[in-house]
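Chemist: missing the sequence, but the structure's below:
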């Protein structure tokens with residue numbers, strides 16, 4: 001535990017897949033003394049990197065779950081979360097960024113800003129996280145860190161400035177030049193642990209001075225003192241630069257760019273210096289909670305005063321060896337072992353039996369934690385995103401953004417005796433991961449799991465097999481289609497039922513039409529003069545939403561609809577909430593068919609990296625899959641092709657791509673948007689749905 005909060009940094013390491021995040025984290029742990037031997041992500045020892053503790057992660061060579069650890073650098077404490085790069089595990093990045101104060105955006109010096117870099121940057125903006133960019137792999141052929149800095153400006157809109165300059169690139173990459181102090185840094189020893197600082201190499205002096213001028217010019221736009229010194233030709237010292245650079249980084253008006261090669265052990269210690277020098281402490285961030293006793297009035301939390309009521313957010317759940325492990329970020333107050341805490345969502349109280357700080361999969365017991373800490377608790381029954389307090393306040397914190405599932409599979413255990421463990425696994429995984437959804441198809445009785453992509457669901461099926469010893473039968477993948485309307489349709493519907501005693505009566509008049517852009521559902525209440533009594537108007541809203549749960553074309557949810565009521569009629573005895581809900585639902589279903597409904601399919605943004613010789617083959621393959629090419633560029637013999645392709649056409653693409661490019665191409669894919677399916681595809685889908693319904697009714 002650190003007593004001086006100004007010396008604490010909570011950072012995340014995020015990037016496109018295969019940019020070297022986990023390798024970088026491994027070096028940070030080595031140089032800070034947390035581990036004593038470096039292991040590689042795909043190392044020959046089979047041990048794997050420290051932060052890839054799951055067996056599946058080591059086999060696949062990718063990060064699946066975000067992993068937390070902590071380290072010290074000088075007199076500063078650093079909490080670190082290493083996040084996955086694969087878009088299928090995007091929720092891990094979301095929940096990490098929700099609780100962090102700063103981030104390292106890792107970029108490949110050759111590939112630059114890639115598709116997932118754009119997604120990660122969008123997530124950082126969503127949670128207003130200040131960041132430093134680290135251009136990794138400067139030892140690789142085609143390395144161009146200055147070009148990557150330019151891409152940050154052009155593709156991501158950052159005010160990016162180099163604060164370091166490379167000493168050689170590719171196989172001649174020896175170290176870095178610190179553009180603030182104008183010193184050369186070299187990294188000697190077997191693992192780059194011996195840092196040597198020297199005067200600049202004469203042949204790089206002119207280039208480094210030109211880069212420093214760019215840095216000073218960027219800061220002169222933000223600070224009058226630096227501007228005055230620069231315009232008068234006076235020296236701008238490091239002591240003048242650092243406070244302005246720190247303020248600009250925290251305010252996100254500048255993105256400082258560092259560089260190096262984590263794999264070749266170069267530049268990591270300089271990055272650590274800049275993490276503590278430029279990224280904010282909890283004292284420099286603003287945190288808000290919503291006071292439930294005051295109609296959710298925003299309240300600013302105070303991390304400095306340890307006597308304030310406890311407020312902390314559970315941001316990640318994991319099933320550990322000793323039961324549920326709940327990762328929490330403490331925002332205010334002090335948490336001690338033995339304390340009683342209250343879940344403001346469920347109103348349940350829990351006793352803190354064991355309090356630990358995580359080092360990947362290792363647990364280090366602690367007695368107490370204060371604001372700014374990231375800790376883990378055992379045996380606390382809660383969900384991801386729940387807020388805990390000490391019971392003196394009723395505060396809740398905003399939860400994380402959870403994207404919708406885009407793919408579903410029907411699953412069941414191969415043997416009946418595996419049913420109990422199968423259910424346990426699904427309950428646990430859906431609680432741990434908000435993007436992993438479990439539902440039951442009432443018509444077929446099948447269990448349906450939904451997720452962010454094939455790999456996402458494949459990993460969970462494999463985990464059910466390994467961790468719960470249950471073999472799983474898997475149905476064909478099912479795309480998460482949606483339905484919507486394309487024109488206005490008016491309705492006038494009367495619900496009347498007489499069954500002896502009081503009956504049911506409700507009359508609703510109104511319309512359906514496509515909603516405004518960005519709105520999934522809008523309820524328009526244009527009732528005047530009490531045609532529908534006020535107490536029943538909300539029931540109409542509920543009835544419309546029930547109607548949207550299942551569209552008439554292929555039974556998928558309806559989106560982007562505006563439903564309005566303009567008139568109606570009630571009965572003093574026979575009208576009720578239920579009657580108006582049924583009337584609204586029936587009116588919706590009737591009008592829906594007249595509103596020219598259409599089916600929407602998920603469109604994926606696909607980015608393929610391939611040797612240039614195969615680019616024609618790749619383009620042809622994407623076109624065959626109804627893909628629309630949106631961009632293509634080549635660099636050092638590698639082509640990067642970006643396309644928008646319907647998800648339904650992407651099944652099996654991985655094998656096709658491998659076989660058509662001799663295994664040399666790779667691709668990444670993420671959800672982009674929903675678009676109407678072509679008419680012939682729609683007719684086929686409706687026909688399949690009708691046949692399935694008939695078969696189930698037999």
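Modeler: Sure, I can see it. These numbers were taken from a predicted model, which means no experiment stands behind them.
Chemist: and residue 696, what element?
Modeler: Element membership for residue 696 (DSSP states H and E) is helix 679-697.
Chemist: tell me the buried residues in that helix?
Modeler: Residues 682, 685, 689 are the ones in helix 679-697 that count as buried (16 or more other C-beta atoms under 10 Å). (Glycine included, C-beta is placed from N, CA and C.)
Chemist: number of residues surrounding the spatially closest residue to the second one that is not a sequence neighbour?
Modeler: Counting by C-beta to C-beta, 6 or more residues apart in numbering, the nearest residue to residue 685 once its immediate chain neighbours are dropped is residue 554, at 5.2 Å. Close neighbours of residue 554, defined as other C-beta atoms under 10 Å, add up to 20.
Chemist: might you report the residue contacts of residue 554?
Modeler: 481, 483, 599, 685, 686, 688, 689 (C-beta atoms under 8 Å, 6 or more residues apart in numbering).
Chemist: could you dump those to TSV with pLDDT and distance to residue 270?
Modeler: Putting these into TSV (pLDDT from 0 to 100; distance: C-beta to C-beta, whole Å) gives the following:
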residue	pLDDT	distance to residue 270
481	91	50
483	94	54
599	95	54
685	92	56
686	92	61
688	88	59
689	89	59
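Chemist: ok, which pair from these is furthest apart?
Modeler: The distance between the two most remote of the contacts of residue 554 (C-beta to C-beta) is 14.6 Å, for 483 and 688.
Chemist: the most centrally placed residue in the chain: helix or strand, and which one exactly?
Modeler: Centroid-nearest residue in the chain, with C-alpha atoms, centre = their mean: residue 94, separated by 3.2 Å. Applying DSSP H and E as the criterion places residue 94 in helix 90-99.
Chemist: same question for that helix, mean pLDDT?
Modeler: What helix 90-99 shows for mean pLDDT is 71.
Chemist: tell me which residues of the helix or strand that comes right after that helix are tucked away?
Modeler: Downstream of helix 90-99, the first helix or strand assigned by DSSP H and E is strand 102-108. The neighbour-count check on strand 102-108 (16+ other C-beta under 10 Å) flags 102, 103, 104, 105, 106, 107, 108 as buried.
Chemist: which among those gets closest to residue 437?
Modeler: Looking across those and measuring by C-beta to C-beta, the closest to residue 437 is residue 103, at 27.5 Å.
Chemist: return the member of the contacts of residue 554 nearest to residue 643.
Modeler: Taking these together and measuring to residue 643 by C-beta to C-beta, the closest member is residue 481, at 20.4 Å.
Chemist: and what about the nearest residue to that closest one once chain neighbours are set aside, helix, strand or coil?
Modeler: Nearest non-adjacent residue to residue 481, counting by C-beta to C-beta, 6+ apart: residue 556, 4.5 Å away. At residue 556 the chain is in coil, as set by DSSP: H, G, I helix; E, B strand; the rest coil.
Chemist: where does the stretch 201-350 of the chain have low pLDDT?
Modeler: 319-323 (pLDDT under 70).
Chemist: switch to 90 and redo it
Modeler: Applying pLDDT under 90 to the stretch 201-350 of the chain flags the ranges 201, 223, 230, 232-236, 282-308, 312-330, 332-340, 343-350.
Chemist: can you pull out the helices in it?
Modeler: 202-220, 224-231, 238-250, 268-278 (DSSP state H, counting those that start in this stretch).
Chemist: chain center to the second one: distance?
Modeler: What it means is helix 224-231. Relative to its parent chain, helix 224-231 has a centroid offset of 40 Å by C-alpha atoms, centre = their mean, to the nearest Å.
Chemist: the first one now?
Modeler: Taking C-alpha atoms, centre = their mean, one finds the center of helix 202-220 at 36 Å from the center of the full chain.
Chemist: mind listing what's buried along that helix?
Modeler: For helix 202-220, a neighbour-count test (16+ other C-beta under 10 Å) marks 204, 208, 211, 212, 215, 216, 218, 219, 220 as buried.
Chemist: verify the stated contact: the first one with residue 167.
Modeler: By that I understand residue 204. Yes. Counting by C-beta atoms under 8 Å, residue 204 touches residue 167, with 6.5 Å between them.
Chemist: spit out the residues that contact these two alike.
Modeler: With C-beta under 8 Å, 6+ apart, residue 204 and residue 167 have common neighbours 177, 184.
Chemist: the nearest residue to residue 661 once chain neighbours are set aside: what's it in contact with?
Modeler: Nearest residue to residue 661, sequence neighbours excluded (C-beta to C-beta, 6+ apart): residue 614, at 4.3 Å. Residue 614 makes contact with 639, 660, 661, 662, 664, 665, according to C-beta under 8 Å, 6+ apart.
Chemist: now swap in residue 480 and tell me
Modeler: With contact taken as C-beta under 8 Å, 6+ apart, residue 480 is in contact with 404, 405, 406, 407, 408, 450, 556, 602.
Chemist: CSV for these, including distance to residue 390?
Modeler: Shown next, in CSV, are the contacts of residue 480 (distance: C-beta to C-beta, whole Å):
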residue, distance to residue 390
404, 35
405, 36
406, 40
407, 42
408, 41
450, 37
556, 45
602, 44
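Chemist: put the buried members of the residues you listed into a PyMOL selection.
Modeler: With 16+ other C-beta under 10 Å as the criterion, this PyMOL line picks the buried residues out of those:
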select buried, resi 404+405+406+407+408+450+556+602
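Chemist: which residues in the stretch 301-450 of the chain form strands?
Modeler: All strands of the stretch 301-450 of the chain, identified by DSSP state E, counting those that start in this stretch, fall at 311-320, 323-332, 334-336, 340-343, 349-351, 355-359, 362-365, 368-370, 374-378, 387-389, 395-396, 407-413, 437-440, 447-451.
Chemist: hmm, back to that, next one: the residue nearest to residue 685 from residue 479, what distance?
Modeler: From residue 554 over to residue 479 the distance is 11 Å, taken as C-beta to C-beta, to the nearest Å.
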